[in-house]
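> A structural model of the following input is requested.
(4 chains)
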2 protein chains.
Amino acid sequence: MSGPTVRDVAEVAQVSLATVDRVLNNRGGVSAKVVDRVKAAVVQTGYVRNLAAANLSRRRIYRFCFVVPSGDTGFVALLHAALAQEQQRLREEQVHVQIVPTRAFDVQDQVAALRKLDCDAVAVMASEAPEINEEIAALQAAGVRVVSLVADLPGSGRDAYVGPDNVVAGRTAAEFMGRFIKDTGNVLMIAGSLAARDHSERLLGFQMVMQERFGGCTLLPAAQGADDAARVEQIVVDTARTQPLAGIYAIGAGNRGLVRAVGTLDPKPTTIVHELTQTSREALRTGIFDLVIDQDIRAGVIAAVGVMRDLTEATTPPADAGRIKLNIYSRENIQ
Amino acid sequence: MSGPTVRDVAEVAQVSLATVDRVLNNRGGVSAKVVDRVKAAVVQTGYVRNLAAANLSRRRIYRFCFVVPSGDTGFVALLHAALAQEQQRLREEQVHVQIVPTRAFDVQDQVAALRKLDCDAVAVMASEAPEINEEIAALQAAGVRVVSLVADLPGSGRDAYVGPDNVVAGRTAAEFMGRFIKDTGNVLMIAGSLAARDHSERLLGFQMVMQERFGGCTLLPAAQGADDAARVEQIVVDTARTQPLAGIYAIGAGNRGLVRAVGTLDPKPTTIVHELTQTSREALRTGIFDLVIDQDIRAGVIAAVGVMRDLTEATTPPADAGRIKLNIYSRENIQ
DNA sequence: AGAATCCTGATTGACGTACCTCAAAAACTC
DNA sequence: GAGTTTTTGAGGTACGTCAATCAGGATTCT
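Sure thing, here's the model as predicted:
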């Protein structure tokens, strides 16, 4: 009725159940000859592991931490929501997720958070700073696997990065910006902080494509809005006073301020932002924003957990496991 | 560890395991009072049956069929590939997937395929036809749950639809078409067959938005290319001979022909197509296509299996379970 | 030769649910 | 109150895998 089991494999391979188990879960301690015989028997019988039974039986509990900036609006709020939601589901797969909120841009706070951890692996979303890199190295030395989330920390020697390709994100923004504004006019770029790797990479990608393919536009010097709505609003208002704006590319958070500022401008500049939040969704609908480039947070969390599990099991995760897709939203396909 | 078990329910309800079992699987022979107490305990403890363990115990194997058009290029080829790949993985979860290829546009062949089925649930990708609707009704009468895939069959009374919102797909295409061509010029729309629900819905959505918001464009009468490269090529060449083309919206398959035809036109019309295949990916890269609206096939297959499982278990699947996201690809974010 | 190491077999107890039996208790009937 | 029926309890086995232990045999080293 149901397919072949380990018993069938054992019988065909002429070995005991214990040996089949050792081979299947490569626990070692089996001679090469017998390993081959068992593997041949697996092929011959067409055995496939029964995942339900495996999970039922497995009693290993994974302890993972997510160290991410706190915040009750925008992207980080969605991230916390997604984490809380997955937490539920993951319980049933023996994965215990602890969420450690930190203060954004506060390196000392983030270092302190990392130091207190007690878990098998950790996913970190943080800006680049030598202190953080050191702390990550210390964690790894203590046997904790480290994954950078959303923003990469290439200098830290983290085991993996889970998030979108932010250079591609910036390039994509430029592609649509150039087409929408017909390759002419001033374009304002507003990042949160250039110390945040995701922001600097997006900026890089955006500038590359604008220069390569949309030479008719003028790129204004990149502004830094600290992911703060008031600051972002001020930047837009101040810039628009001195020169007409054809386009605005908002690389980080603070979109509420952007909505306020853009709403007052006439003609309205083409506005492209990141992350589909309540604010940006609404602004898309009303026509204040023209495009939103989003990363699927839920997919990111799930991917991060998967990669962390692979890393703690010492099985190398598939090469593209950490790559999160970019979703492009216009007013017609908001979900 | 993981959630509450039947044991917890029994304890809270002050009854034995056997009684909880009788209530949960309504085997009868339990007084109304006790039934209520057990049900209350289920709610109170938040008990959810562990499907894996249940299936393990009852040795249940799901048998699902996918009835989809055959084809060795384009979307259907990717669909078959995705199915074959998932087949492997699903075996581990005791889900046996059988793939039944049919001849596209051949209603009799599709009816014959449906009639031969022996399984718990079936996912069908087909055009609208009364014969097919009848066959689906017959399947349902025989206890087989039916899901429409990619293209809906609303007249058939299918249990669920799994696929993108194709009206939204068309609307999104129009949004970008209107912006890219600066709201002026002739736009050619090429469907495969208007009997295919996905095509007619996309066309509808596209026309709606073009008329509402991009009145400067002229929509040429919709052509039907039968998803055939040669036919599509011919349509484009013929149309372009008599009038200049600002944009082309290809709703169905046959993109190889589109590439050939568009490549010869000068100025090149803005071209928006569906489904990220080898052909469209390459055309995006070389600049022949400007935008590809894609549905994630893998996600679709996974969603279909999930919905089919829910249906066979007689648990209503979540409302949005069958909705597949649309992905928008430009030359900068092809993956 | 004896000791240490390595390989393998045999066995056992979870995991959460389904399904079955047997008997005791409780609720009815007349 | 004796007999009948209905309801409930207690207990077991099975599903397929994981994980662990213990013991015996083979191999290698000294």
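
> CA atoms for contacts and neighbours, from now on please.
Will do.

> Contacts for stretch A:232-250 next, please.
Residues outside stretch A:232-250 that contact it (CA atoms under 8 Å, 6 or more residues apart in numbering or on different chains) are A:173, A:177, A:181, A:184-191, A:223, A:225-226, A:254-255, A:257-258, A:260-262, A:265, A:268-274.

> if you look at the residues you listed, which of them are in helices?
A:173, A:177, A:255, A:257-258, A:260-262 (DSSP state H).

> Quick check: buried residues in stretch A:70-77?
A:70-71, A:74-76 (16 or more other CA atoms under 10 Å in any protein chain shown).

> pLDDT check: weakest of those residues?
Within the buried residues of stretch A:70-77, residue A:74 has the lowest pLDDT, namely 86.

> ok, it - contacts?
By CA under 8 Å, 6+ apart, the neighbours of residue A:74 are A:253-254, A:277-279.

> Which residues of chain A lie near DNA strand D?
When proximity is defined as CA under 7 Å from any atom of the strand, chain A approaches DNA strand D at A:2-3, A:5-7, A:18, A:21, A:24-25, A:47-51, A:53-60.

> Can you say which of the residues you listed are buried?
A:6, A:24, A:47-51, A:53, A:56.

> re the thing from before, for the buried residues of stretch A:70-77, give me JSON lines that also has secondary structure.
Output for the buried residues of stretch A:70-77, formatted as JSON lines (DSSP: H, G, I helix; E, B strand; the rest coil):
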{"residue": "A:70", "secondary structure": "coil"}
{"residue": "A:71", "secondary structure": "coil"}
{"residue": "A:74", "secondary structure": "helix"}
{"residue": "A:75", "secondary structure": "helix"}
{"residue": "A:76", "secondary structure": "helix"}
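
> If the residue lying closest to residue A:223 once chain neighbours are set aside is in a bridge, with which residues?
For residue A:223, ignoring the flanking residues on the chain, the nearest one in space by CA to CA, 6 or more residues apart in numbering or on different chains is residue A:190 at 4.8 Å. Residue A:190 has the following beta-bridge partners by DSSP bridges: residue A:223, residue A:250.

> Assess the claim that residue A:190 and residue A:222 are in contact.
Yes. Between residue A:190 and residue A:222 there is a contact under CA atoms under 8 Å: 5.9 Å.

> Can you pick out the residue with more neighbours from these two?
residue A:190 (28 against 15; other CA atoms under 10 Å in any protein chain shown).

> Count residues in the vicinity of the residue in the stretch 201-335 of chain A that DNA strand C sits nearest to, would you?
Residue of the stretch 201-335 of chain A nearest DNA strand C, by CA to the nearest atom of the strand: residue A:313 (19.4 Å). Neighbour count of residue A:313, defined by other CA under 10 Å: 11.

> Do I have it right that residue A:274 meets residue A:251?
Yes. Using CA under 8 Å, residue A:274 is in contact with residue A:251, at 6.2 Å.

> So which of the two has more stuff around it?
Between residue A:274 and residue A:251, counted using other CA under 10 Å, the more crowded position is residue A:251 (30 against 24).

> From residue A:234, how far off is that one?
When CA to CA, to the nearest Å is the yardstick, residue A:251 and residue A:234 sit 16 Å from each other.

> what do you get for residue A:118?
Applying CA to CA to residue A:118 and residue A:234 gives a distance of 42 Å.

> show me the contacts for whichever residue of the stretch 151-300 of chain A sits closest to DNA strand D.
Proximity of the stretch 151-300 of chain A to DNA strand D (CA to the nearest atom of the strand) peaks at residue A:159, 22.9 Å away. Contact analysis of residue A:159 by CA under 8 Å, 6+ apart lists A:145-147, A:311.

> and which of these is nearest DNA strand D?
Of those, the one sitting nearest to DNA strand D (CA to the nearest atom of the strand) turns out to be residue A:311, at 15.2 Å.
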